[in-house]
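K.L.:
structure, please.
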Amino acid sequence: MASRTPGLYVPLDVNYARDPRIRLAGPNAELLYIRGLAYAKQSGTDGAIPRYDLPIVSVGLKGVKTAVAMLVHHGLWEEFPEGWLIRSWQKWNLTQQQ
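P.N.:
The predicted structure is shown next:
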């Protein structure tokens, strides 16, 4: 019988790696995307990643500017003046207001 594990979790579809957008964006962008999901859930930003926190989300990664550009190019993140929005966030997560 399964038991519940305490903690805060972000949904990740087990088929995410088959998404052509993820594959085309590349491995660095894939890791940044997953870290972005965790960041947004933990921070309660409704899928937003502020520019000022990108260094926290991307700590230790190389080619961050390229990874961000690939996420935007392939429609996984949407750029806005203050940062980026994970485009499918509300498909899989409740908003803070909900």
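
K.L.:
and after the longest helix seen in the chain, which helix or strand comes next?
P.N.:
In the chain, assigned by DSSP state H, the helix with the most residues is helix 27-43. Downstream of helix 27-43, the next assigned helix or strand under DSSP states H and E is strand 48-50.

K.L.:
what segments of this structure are strands?
P.N.:
For the chain, the strands defined by DSSP state E cover 48-50, 77-80, 83-86.

K.L.:
show me what the first one is packed up against.
P.N.:
Spelled out, that is strand 48-50. helix 27-43, strand 83-86 (3 or more CB pairs under 8 Å, 6 or more residues apart in numbering; DSSP states H and E). Where you see a C-beta, it was placed from the backbone N, CA and C, and this is true even at glycine.

K.L.:
could you say which of these is packed most deeply?
P.N.:
Comparing the helices and strands packed on strand 48-50 by mean neighbour count (mean count of other CB atoms under 10 Å), strand 83-86 ranks first with a mean of 21.

K.L.:
who's in contact with that one?
P.N.:
Outside strand 83-86, the residues that touch it by CB atoms under 8 Å, 6 or more residues apart in numbering are 33, 36-37, 40, 47-54, 68, 71-72, 76-78.

K.L.:
can you list the helices and strands packed on strand 48-50 in TSV and add mean pLDDT and distance to Leu8?
P.N.:
Formatted as TSV, the helices and strands packed on strand 48-50 follow (pLDDT from 0 to 100; distance: least, CB to CB, whole Å):
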stretch	mean pLDDT	distance to Leu8
helix 27-43	96	6
strand 83-86	97	16
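
K.L.:
if we can go back for a sec, mind giving me the packing neighbours of the longest helix of the chain?
P.N.:
helix 20-25, strand 48-50, helix 54-57, helix 64-73, strand 83-86.

K.L.:
any low-confidence regions in the chain?
P.N.:
Within the chain, the ranges that satisfy pLDDT under 70 run 1-3, 93-98.

K.L.:
so what's the closest residue to Arg51 other than its chain neighbours bridging to?
P.N.:
Leaving aside its sequence neighbours, Arg51 sits nearest to Gly83 (CB to CB, 6 or more residues apart in numbering; 4.5 Å). When bridges are called by DSSP bridges, Gly83 pairs up with Pro50, Phe80.
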